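Chemist: Give me coordinates for this.
(chains A and B)
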Amino acid sequence: MNTNRACERCGASVEATPGLQGLCAACLLKASLQPEVVVTGGSARRPAPTLDALAPHFPDLELLSLIGQGGMGAVYRVRQRSLGREAALKVLSLDTEVDPAFGERFEREARLLASIEHPNIVSVYGAGKAGPHWYLLMELVDGVSLRQVIAARETDPRAALAIVGQVCDALQAAHDRGVVHRDIKPENVIVTRKGQAKILDFGLAKLMHREPRTANTLTETGQVMGTVRYMAPEQWERPLSVDHRADIYSLGVVLYELLTGELPMGRFPLPSQKAAVGASVDRIVLKTLEKEPAQRYQQASEVRADVTRAAGATSAGAQATPSVKDSKSTVRTLVGLGAAALAFACVVQVALACGALGGEFLGMGEFLVVCALGVLPAVVALGLWIYLGRPWPRARWAQAALVLLPPCLWAGSFALGIVLHHGRAGLKAWVVDGLLTPWDMLDREYPRCPPDCIARYSHEPESDERAFLHININERLVAELVNLEPEGFLPATLSAAELAERKSKISIARAATLLHYSLLDPSLIEVTHESEEVVAFTLPAFPVSLARNELAVRAMLAYRLDGGTSMTNEDVPRVFLSPSLTWLGTVGEDFGNALVAIDAASLEQALAGHEAPEQLEVERERLDELFGLDQLLEFGKEPLKVEIRNPLEPMPTGTLTRADGTVRELSTADLNGRYAVLLYLART
Amino acid sequence: MATSDHGSSASFLTTRWSMVASLSVRDEPRARSALSELCEQYWAPLYAFLRRRGLDAHEAADTVQGFFARLLEKRDFGELSAERGRFRAFLIAALRHHLAHERAREGAQKRGGAARVVSLDPADADSHLRLPAAPGLTPEQAYEREWALSLLARALSAVQAEFVADGKSELFELLRPALQDPELAGVAAMAARSGLSEGAIRVAGSRLRKRYREVLRALVRDTVDSADDVDSELASLFEALAR
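Modeler: Just a heads-up that it's a prediction; the model follows:
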């Protein structure tokens, strides 16, 4: 008795509950919920009034036949004599005694129902009381109820979704008017031959339910239970707080039943497990069947949108029945579209501002103001859009596109602004160098400058190769750097005055070392005083490739030399070379290498008795040892290679930019019989 | 489970609410018997609830006993019963109230007199409750499920008692499958076994179902506020079982 076994009927595990005597609890309860067909045979139902009995009360109607009988009453096919049209007459089955307020309520509801005109809602022509009968005169619909459709099992998922979509339209129209159906079930949806769905009995459930004496609720157990199964949980738990979302729940039950032929009871299988539908339909069903109304779809139109989408996915050729929206939902759509357009316009505004920023038509401050003016309405519009229930797209790619669109647009616009203003080179410079070398107007620090320096870097708009560097240096920083020079560095043979001068200037060179820059051709530097404290150095033009190397310190050195105002090319050998070396100029176009000369006597002296070589490659340590060229190397940038050449040997091909700024081919003529020292600083 | 109390349908007329009301009356024997009836009928759901809340078998049994004892001794659930509604909801609310109260006087001495009210063996209750009850059930769901099961069982034993009283216990045994199978799949075998015609068995089966339904509805009616709520209560029970 206590062993678990599966119930043969429902497959559930049979509880080993002693009191149940081995019966399956679920089946037992289910069987006792079903109406007892054999015994009662429907006899509990009040007989429908006969045509003859009704006829005297409806003089304008020609009573044709009894169409059907349900919990609410009996329905007859009639012809309106005055209009000659056929209609359906529903005679409500009420107990004879109804409370006096019922009539008033009934008429109010009927007026409300009559005011809803929708292709998917059965129209109400009239209502009232005729003799003892409360009646509704309605549009006659030629079709079958969804109950019959389900019983015939002849709906394919596409058709089911199309029908549910129409029901959504109808519900939305009614909900917009504040009318809740409260009894959505397959019996209340008629499908015409053309596939048009029409909802019956809007609002009647509420009307009948309010009426305590309207019987039938207790006697016709099957009827009521049948309805209960479509009811939202809150409908029996908190009947007073029921709103339109209860209809959405019931609609979910109907959809599930349409798809699977079963009711979603207990732990029910997903629609996709029972029918040829995708996971999107599962999601729709699960969301409509959420126990908490707040978790469900909040509007039938939302269900409609998802159902339409799912129908499209279910079959590419699926044609959802065209929906006719009422004016209110048209207004919602228009407002929603307007909000979306406004949001998009704001995105575009910010994009234009980005472009203007890139093109330097706007300063940073103005740009921020324009952005703020654009972003605020965008946020408001987006909120409005979401509030109006415009659904966030479900597809991942669409979500990603929505999120990525604005930043892409902004970045693209910014880039376009740069291109328009600076040309393609400007964009390249910004992208390639911009990450390390700040765009001048952004006032970011030149990355290799010490903290007190501000370097502004820009490219020549017309050229791919020329760039500008603008550097501000604080005088105090210079002083600090100068003081870093250690004592005992200088040769002891100098006079006191020479020593003082050299010391000052070598200190500058030392500072350059500390700053990791080398000095090659300071003649290009323009120096201006921007304020008492700050001096600006501008290098009007130099190759882009050098921008990250020497420039800041070139400028600094130029400042410090000659009383801090300017520095000429002649200063270089004076400051940085030992007296035995002669500065000739820089080799190549990019100031990368340097050519200095040394006279034979000095060389011999330096070689200390060694024979002067015809051509010598010397390592750094050896060079120091041989020539005392420490000062030379205080440029900061160690030469990749040092070459010493005999003046009788031909020079390598290349150009020499001389101290006076003239450019010529490298030639031994410049050496005046001295040895050439080639310092390969940038490349060999 | 004892069945003698339900020998006739008249005993259903005692509503759960009147039983609770009688607890408030200083009529010791009547209150005592009402309490023991309550206890018997609702032991299992409350116990299941507590077990799901993580109490072990003894604690749970102890707590249920203490709960009923308190119903009898203190009669301080007036504010809960005042609102009425569903008895199922009332009972669980009262138990929660009791739990909160117990927690509040944590450390105080054990409740007195529990044992004299209830004598159910916890081990026995536990074996009864060793359900395959899905591990995912919340305490509330376990409670509802047990509630549904005990209602079904009580209705069943009541109907059975009626048949027994009429001397038709064999017929009941024969027809019992009809209770869960309206289509009566095994009708041929039943006819062969009993010598009755299939038609007669179908009619008798549907009568049995009808009676069972009446009894069940009456039992449910006892636990809800108005007759209108019976159907929705049944639907809730069905849902509880279907979980």
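Chemist: When you work out contacts or count neighbours from here on, use the C-alpha atoms and nothing else.
Modeler: Will do.
Chemist: A:A400 belongs to a strand?
Modeler: No - looking at A:A400 with DSSP: H, G, I helix; E, B strand; the rest coil, it is helix, so not inside a strand.
Chemist: How is chain B partitioned into domains?
Modeler: B:14-130, B:138-243 (automatic domain parsing).
Chemist: mean confidence for the first one?
Modeler: Averaging pLDDT along domain B:14-130 yields 65.
Chemist: The last one now?
Modeler: pLDDT averaged over domain B:138-243 equals 82, rounded to a whole number.
Chemist: now check it, is it near chain A?
Modeler: Yes - Domain B:138-243 is in contact with chain A by CA under 8 Å from any CA of the partner chain, via B:149-150, B:152-154, B:156-157, B:177, B:179-182, B:203, B:206-207, B:209-210, B:212-213, B:227-229, B:231-232, B:234-235, B:238-243.
Chemist: Do you have the helices of chain B handy? List them.
Modeler: Ranges of helices in chain B, per DSSP state H, are B:16-23, B:28-52, B:57-73, B:78-81, B:87-104, B:114-117, B:122-128, B:139-165, B:169-175, B:187-194, B:198-223, B:230-242.
Chemist: Show me what the third one is packed up against.
Modeler: Right, helix B:57-73. Under the contact criterion of 3 or more CA pairs under 8 Å, 6 or more residues apart in numbering or on different chains; DSSP states H and E, helix B:57-73 touches helix B:28-52, helix B:114-117, helix B:122-128.
Chemist: thinking again about what came up before, give me the buried subset of the residues of domain B:138-243 next to chain A.
Modeler: Buried residues within the residues of domain B:138-243 next to chain A, counting neighbours by 16 or more other CA atoms under 10 Å in any protein chain shown: B:149-150, B:152-154, B:156-157, B:177, B:179-182, B:206-207, B:209-210, B:212-213, B:229, B:231-232, B:234-235, B:238-243.
Chemist: what's the neighbour count on the closest residue to A:A339 other than its chain neighbours?
Modeler: Leaving out its chain neighbours, the residue that sits closest to A:A339 by CA to CA, 6 or more residues apart in numbering or on different chains is A:A381, at 4.7 Å. If you count neighbours by other CA atoms under 10 Å in any protein chain shown, A:A381 ends up with 23.
Chemist: is it true that A:A381 touches A:F344?
Modeler: No - look at A:A381 against A:F344 with CA atoms under 8 Å: they stay out of range, at 9.1 Å.
Chemist: Check which element follows the host helix or strand of A:G355 along the chain.
Modeler: Here A:G355 sits within helix A:327-358, counting by DSSP states H and E. Going down the chain from helix A:327-358, the next helix or strand is helix A:364-387, by DSSP H and E.
Chemist: Give me the buried positions along that next one.
Modeler: By 16+ other CA under 10 Å, the buried positions in helix A:364-387 come out as A:367-368, A:370-371, A:374-375, A:377-378, A:381-382, A:384-385.
Chemist: So which elements touch it?
Modeler: When contacts are defined as 3+ CA pairs under 8 Å, 6+ apart, helix A:364-387 sits against helix A:327-358.
Chemist: List the buried residues of the helix it packs on.
Modeler: Result for helix A:327-358 [16+ other CA under 10 Å]: buried residues A:333, A:335-337, A:339-344, A:346-358.
Chemist: Now do the same contact list for A:G355.
Modeler: A:410, A:412-418 (CA atoms under 8 Å, 6 or more residues apart in numbering or on different chains).
Chemist: My error: substitute A:L342 in the last question.
Modeler: A:377-378, A:381.
Chemist: Nearest to chain B among those residues?
Modeler: Nearest to chain B, judged by CA to the nearest CA, of the contacts of A:L342 is A:A381 at 43.1 Å.
Chemist: want to throw the helices of chain B into TSV with distance to A:R193?
Modeler: Below are the helices of chain B laid out as TSV (distance: least, CA to CA, whole Å):
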stretch	distance to A:R193
helix B:16-23	54
helix B:28-52	52
helix B:57-73	61
helix B:78-81	55
helix B:87-104	48
helix B:114-117	68
helix B:122-128	56
helix B:139-165	44
helix B:169-175	46
helix B:187-194	42
helix B:198-223	39
helix B:230-242	35
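Chemist: For A:A246, which of these is the nearest?
Modeler: Closest approach to A:A246 among the helices of chain B (CA to CA): helix B:230-242, 15.2 Å.
Chemist: So what angle separates the directions of that closest one and helix B:139-165?
Modeler: Using axes from the mean of the first three to the mean of the last three CA atoms, to 10 degrees, the direction of helix B:230-242 lies 110 degrees away from that of helix B:139-165.
Chemist: Only alpha carbons, please: show helix B:230-242 as PDB.
Modeler: Output of helix B:230-242 as PDB, limited to C-alpha atoms (Å, rounded to 0.1, in the frame of the first residue of the first chain):
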ATOM      1  CA  VAL B 230     -16.800  25.900  -3.300                       C
ATOM      2  CA  ASP B 231     -15.900  25.600  -7.000                       C
ATOM      3  CA  SER B 232     -12.900  27.900  -6.800                       C
ATOM      4  CA  GLU B 233     -11.700  26.100  -3.700                       C
ATOM      5  CA  LEU B 234     -12.000  22.800  -5.500                       C
ATOM      6  CA  ALA B 235     -10.100  24.300  -8.400                       C
ATOM      7  CA  SER B 236      -7.400  25.400  -6.000                       C
ATOM      8  CA  LEU B 237      -7.200  22.000  -4.500                       C
ATOM      9  CA  PHE B 238      -6.900  20.500  -8.000                       C
ATOM     10  CA  GLU B 239      -4.100  22.900  -8.700                       C
ATOM     11  CA  ALA B 240      -2.400  21.900  -5.500                       C
ATOM     12  CA  LEU B 241      -2.500  18.300  -6.500                       C
ATOM     13  CA  ALA B 242      -1.400  18.900 -10.000                       C
END
